[in-house]
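Enquirer: I need the structure of the sequence given here:
(2 chains)
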Amino acid sequence: MKLNIEGLLVYFPYDYIYPEQYSYMLELKRTLDAKGHGVLEMPSGTGKTISLLSLIVAYQRAFPLDVTKLIYCSRTVPEIEKVVEELRKLMEFYAKETGERNNFLALALSSRKNLCIHPEILHANIVVYSYHYLLDPKIADLVSKELAKKSVVVFDEAHNIDNVCIDSMSVNITRRTLDRCQNNVDTLQNTIQKIKETDAAKLREEYRRLVEGLKEANVARETDIYLSNPVLPDEILKEAVPGTIRTAEHFVGFLRRFLEYLKSRLRVHHVVQESAPQFLKDIFDKVCIDRKPLRFCAERLQSLLRTLEIADIADFSAVTLISNFATLVSTYSQGFTIIIEPFEDRTPTIANPVLHFSCMDPSIAIKPVFQRFQSVIITSGTLSPLDIYPRILDFRPVTMASFTMTLNTFNVCLCLVALSSKFETREDFAVIRNYGNLLLEMSAVVPDGIVAFFTSYVYMENIVASWYEQGILENIQRNKLIFIETQDAAETSMALEKYQEACENGRGAILLSVARGKVSEGIDFVHHFGRAVIMFGVPYVYTQSRILKARLEYLRDQFQIRENDFLTFDAMRHAAQCVGRAIRGKTDYGLMIFADKRYARADKRGKLPRWIQEHINDGSLNLTVDETVQLSKHFLRQMAQPFRQEDQLGLSLLTLEQLESEEMLQKITQIAHQT
Amino acid sequence: MLLLYFKISPDGKAKIQLQLVLHTGESTTFHFANESSALKDRDATKELLQQLLPKFKKKANKELEEKNRMLQEDPVLFQLYKDLVVSQVISAEEFWANRLGGINNTDPAVVNNKQEVGISGAFLADIRPQTDGCNGLRYNLTADIIESIFRTYPAVKQKYSENVPHNLTEKEFWTRFFQSHYFHRDRINTGTQDIFSECAKQDEKGLKSLVIQGVKNPLVDLLSLEDKTLDEGYGICTTLPSTSNANKTVKESSNSAIIKRFNHHSAMVLAAGSRKGEAPTDQASETSSTDGNSRDSDFFQPPVKKVKLQEAIEYEDLQRENRPKTVALNLKKSDRYAHGPVPLQSQHYTTSQDIINSVNYIRHEMMNYKPNLTEVLSSTAASSAIAALSPGGVLMQAGAQQAINQMVPTEVQGELKHLYVAAGELLRHFWSCFPVNTPFLEEKVMKMKSNLERFQVTKLCPFQEKIQRQYLSTNLTGHLEEMLQTAYSKFHIWQTRRMMRKT
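Expert: Next up is the predicted model:
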C-alpha cells in the first residue's frame, strides 16, 4: 500500500499494516525532519525492520539532498541477512508500483572474508553491516571512515550496544600476548635491518610520510570529511612525532622498553587496580617513558608496517594490540581502569596473570558516530527504561518512544511464579526441586517446545545435576526430549537443530539454556518452537567481578546512576530478551513464565518493556505452581482456536481506508508512549 | 500354536522337566530323560526359548490385538462371537479359522505398512532399580526396554550380539551393563575396562561426527552467528570458567558429563524414531553437499538458507489472504514442454466451430419441438396408475415384513436377527465343506453338522419355546428350521453315499 506519513509518500510492501508500524514511522519521520537522534522501542514481530526501511527509503527519495545514505547496523549475521531480504522485498514492490527499476544501490557486508572495498560503500544508498564496522575503531577506520555526514544510522537490536562499545575499546594482556609481541618486535627489528642494508631511502621516505599523513588527517577532520577515530586523539594531529620514536629503530627500541615494563607489571602476586594517570606516572618513574610517545604509538606502528610492506598484518596482532593499548592509556585519563590479576579467582594456585584495560564508558566509542551523523536511531524490542540509553551513551535524542503490540486478544499469557532464588538461597534443595516441579508440570501441559533459561551456565549445570539425582529429568523425559545448551557452540547448534526437529515431528522438546548466552541473544523460537519460555531466577550479571565493580562505580560517579538501578536494568533487559524469544509476531502465541517472586516487585516490573508490563495483572502475580498450570491450560485451550484475519482487521491490522479514518489516527497517536 | 510362557523344574529336583504353556491354555511338559546330559539339554533349550519368547509374545500380542480390534469394530461379528463361541457352540479357533487369514498369512505388504513405533524418551527411567532387601539392586527389564536400548544405542546391541550367549549369559550381560559407568553417566570414566567402555567411546565419536557435520539450518548455527568476534586480546574479559579439563573439579566434569549424556540420549532417541532402514549419515551428507557453505556471495545462497530467511521475514497476516499457494512449474527443458508429442489424427478432434454448430442445432430442435399427442396415455389410465403407486394403493400393499414389524416385540425381533446371523455363519461353514474331497473336510463337515444340531438344541429350541409362551406365531422360525433341515438332508445324502462307497 502507499501511505501518507505527514505528507511523505511511503511505499509499504504489504496489503495491510499494523497500527504500531504507522505510529513508528511517524516518530521516525519526525526524528529525521529534526535532523536529530532517536530512541524507539517496539517489540519484535511487529515488523520494525520493514517500517524503518520503508520510511527511510521514501525519505531518501523525497529529499535526496537531506539524507544521502542509510547505514543499517545489526547484530548477528542472520539478522543482517534478514534485513537484506526485507530490502529486496521493498525494492521489488517499488519496481512493481512505479514500473521502473529502482537505481538504489544497497550493499551488505556480512563477513570480514568479503570485506568490501570502501569506494563501493561511498556510492551505495544503503549499507547494511554489523555494529563493529562503525563502533570498533580498528574496523571503522578501514570501512566507515569516509561515510557521508548526511547519513542516517540505525542501530537495530541495540539493547546491548553499550557492551559492544565497551568491548571495542577494552584490551586484555596476558603473558602469551607479551611473548607473541616479543616475537613481533624481533621480526620488525630484523626486517628493518634488512631494508636498511638494501633500501635506506625507504625508511627516510617513511618518516616524511608519517608526518604528512597525520597532517592530512588533521585537515580532513577539520574539514569534516572523516568519521573520527576515538583511538586517534585530536592533539596528536597537531603535534610532530616526538623524537624518541621518530626513526624506525628508535621506535622498535621504544617498543622493547614498553614491553619489558609490561612484563614486570604482570609479575605481581596480588591484585592491582589503578587509573590511567597512575599507570602513566608509574611507567615514567620506572622506565622513563613519557606520555607523548605513548600516544603516537598506534599510529607510528601502522606507518611502520606500511613502510615495511608487511602483507599479513594478522601476524602482528600482538604488537598492534600493545600499541593500541599504549595510545588509549595515554589519551584517556577518564573512563578506563587498569586491573592486574595474578590468577583466576577460582584457581588461586595457578598463575595466570592478566592486565585488563577496561573501558567503562560506552560513550567514548560511539561519540564520533553521534557527532558525525545527522540522525542516529537506536531501536530494539527491549530498551526500557528508555532514558537510560541517552544517559550511558551521552547523547540528546529528539524523540524517545515506546510502542506496544496491538492485539485483538492476548496471545501472551504471563505468569509470575512466587518462587525464591535469591543468590543466598538458590543452592537450596527446596528451590531446585520447586523449579523442577514447575518444569515437569509445564512439560505435561504445553505442546511442542518449551525453552527454559537459567541465570548462568554454572548454575544451570548444578541444577541439571540435582534434577538428575532427584529423578526429575527422567520424569520430564516421559513428556518431552531434553536438550541442553553447552559451552561449545557447535555442540549447542546441533542440540538446537535436534530440538527443532523434535518440535517439528510432534514429539516435543525442552531446551535448557542460559540468559546472556548465545541462544538467548541470537535464536528465535517462533510458533511451536517455543510455546512457553520459563525464566528461572533473575539474570543478574556476576557481580563479584572487579571490572564490573569498577564500571558500577564509574556509572555512579559520572552519570549518577545507582548501582542497583543499573544492575536491575541490566538483568531486566536480559530477562526480557529471553522471554521475548518465543513471541515473534501477532500470529504467534506463548506463555511467558518468570519463575522468581522478585519479579513482582515494583523496581523490577517497572524496568520491563511496556509490551511485557501490560500483560501483568493481579491474576498473574504471585502464583503457585498449581495456579500456573491451571492458567496455562486455560490459555492454551483458548489459543487452540483458529486465528482469523477478520478478527484482527480494524483493531490490530488495518487496511488503507481504516488507517485513514479520523478515529483511527486519533487512536494511533496513543500507541507511542513518549517519555 | 503360540507359546505364552514356560516353566522349568527347580534345579534340585530329580526329574528334569520343562513345561510349555500355550496361549490357548494347553500345556505340554517335556521330561529330559537322557541321564548324562539332561540338565545341559534342558538349559540349552531354555536359553533358546528365552530368546524366542519375545518374538512369540509380539506375534501373540499382535494377533490378540487384531482379533480384539475386529470384534470392537464389527458389532455383528461381536454378537456372533458371543452366540457361537461364548456359548460354546464352536471353539474360538474354529471361529477365527477363516476370518483371520490376513493376519496369519504374513502378507509382506500388510507387515510393511505397519507404522513404526518410536521410542519413549524415558525408557531408562522405567528401569529404576529397586532394592531387593539384601544389599542388592533389582532392575526390571522387559523385552520392550531391551529393544529400546538396542535401537537407541546400536553400540550396545553390537556388544550384545558379540558376547551373548558365547561369552556371557543374558543375565550377566545386563548385570554388567547396569554396573558400567556407561549406564551411570554421571560417573566419570575412571579407566576401568569393562566391555562398555568401548560403547562410550563410540558414542563420543558419533557425537563428534554429528557436531562436525554441522547443522543444515543456518539460522540455528551459532558458529556463524556473529559477524565479527573481537580479535584476540580485545573486549571485556567475562569471567567464564575456563574450559580446559585441567582445572575442572570432579563435580564440574560430572555435571558436564550429564549434560552431554542428555543431549546425546535425546538425539539418539530422535534418530531411532526416524530411522527407517537407511543409514542417517547418507541423508546428512547428501544435504550438506547441496547447501554447502558458500556464504561468499549473495547470488550463491544455499536454497535452505534462502527459504529459512524468507520464512523468517514473512508476516502472513499483513498479506491478503485467499491466495492459493501454487507450485511453480519447474521445467528443465522448456522447449520440450512447448513441442510435446503431437497427436497424428488431429482431424478426429471436435473443433470449437463444431461444438457451436451442434449447440445451435440442439437449440433449433428444442424451439421446434411439437409433442405427438396421439401416442400418450389417456388421462384415466394415467390417474389410476398414480393411485396404484400411492401409499395404500394396489401396488403399495404392505408385505409380510410389515406384519412382523407390528406383531412381534422388538426384543424378539432382535433375538431372531441374531439367530439368523448365527445360523447363517454356521451354515456357511457347513456348506463350504462341499464337495467333501479331503479327510480334513470330512472331519469338518461332521463337526459342523453336530454344531448345527447343537445350535438347534441350545439356541433355536429355547427361542421357539419362548415365543410359544408368548403366544406368537410359531412360523417365525419356520424358515430357519427349513434351512437346517436342508442341511441335514444334504448331510444324510452325503453320509449314505459314503457308507455305500465304503461297503
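Enquirer: contact partners for A:Arg584?
Expert: By Cβ atoms under 8 Å, 6 or more residues apart in numbering or on different chains, the contact list for A:Arg584 reads A:44-45, A:524-527. Just so you know, the C-beta spots here come from the backbone N, C-alpha and C atoms, and that holds for glycine as well.
Enquirer: adding secondary structure, write those residues out as TSV.
Expert: Formatted as TSV, the contacts of A:Arg584 follow (DSSP: H, G, I helix; E, B strand; the rest coil):
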residue	secondary structure
A:Ser44	coil
A:Gly45	coil
A:Asp524	coil
A:Phe525	coil
A:Val526	coil
A:His527	helix
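Enquirer: which of the residues you listed has the most neighbours?
Expert: With neighbours taken as other Cβ atoms under 10 Å in any protein chain shown, the top of the contacts of A:Arg584 is A:Phe525, carrying 28 neighbours.
Enquirer: contacting residues for that residue?
Expert: A:Phe525 makes contacts with A:449, A:451, A:511, A:533, A:581-582, A:584, as judged by Cβ under 8 Å, 6+ apart.
Enquirer: can you give me the strands in chain B?
Expert: In chain B, the strands defined using DSSP state E lie at B:3-8, B:17-22, B:27-31, B:130-131, B:137-138.
Enquirer: out of these, which comes closest to chain A?
Expert: Nearest of those to chain A, taken as Cβ to the nearest Cβ: strand B:130-131 at 13.2 Å.
Enquirer: between the two ends of stretch A:9-26, what distance do you get?
Expert: End-to-end distance of stretch A:9-26 (Cα to Cα, to the nearest Å): 12 Å.
Enquirer: what about that stretch, near chain B?
Expert: Yes - on the criterion Cβ under 8 Å from any Cβ of the partner chain, stretch A:9-26 is in touch with chain B at A:14-18.
Enquirer: now a PyMOL select for only the buried ones of the residues you listed.
Expert: Applying 16 or more other Cβ atoms under 10 Å in any protein chain shown to the residues of stretch A:9-26 next to chain B leaves a buried subset, and the PyMOL line that selects it is:
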select buried, chain A and resi 14+16+17+18
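Enquirer: which pair in the residues of stretch A:9-26 next to chain B spans the largest distance?
Expert: Spatially, the most separated pair among the residues of stretch A:9-26 next to chain B is A:Asp15 and A:Tyr18, at 12.2 Å (Cβ to Cβ).
Enquirer: find the residues that touch each one of these two.
Expert: With Cβ under 8 Å, 6+ apart as the test, A:Asp15 and A:Tyr18 both reach B:Leu318.
Enquirer: secondary structure and pLDDT for the residues of stretch A:9-26 next to chain B - can I get that in a markdown table?
Expert: Supplementary listing: the residues of stretch A:9-26 next to chain B in a markdown table, determined by DSSP: H, G, I helix; E, B strand; the rest coil; pLDDT from 0 to 100:
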| residue | secondary structure | pLDDT |
| --- | --- | --- |
| A:Tyr14 | coil | 93 |
| A:Asp15 | coil | 91 |
| A:Tyr16 | coil | 92 |
| A:Ile17 | strand | 93 |
| A:Tyr18 | coil | 92 |
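Enquirer: just checking the distance from the helix or strand harbouring A:Asp285 to the centre of its chain.
Expert: Per DSSP states H and E: A:Asp285 is located in helix A:276-287. Its chain's C-alpha centre and that of helix A:276-287 lie 34 Å apart, by Cα atoms, centre = their mean, to the nearest Å.
Enquirer: tell me which residue is most central in chain A.
Expert: A:Asn160 (3.6 Å; Cα atoms, centre = their mean).
Enquirer: right, and the helix or strand after the one helix or strand in chain A whose mean pLDDT sits lowest?
Expert: Within chain A, confidence by mean pLDDT, DSSP states H and E is lowest for helix A:234-238 among all helices and strands, at a mean of 67. Past helix A:234-238, further along toward the C-terminus, the next helix or strand under DSSP H and E is helix A:248-266.
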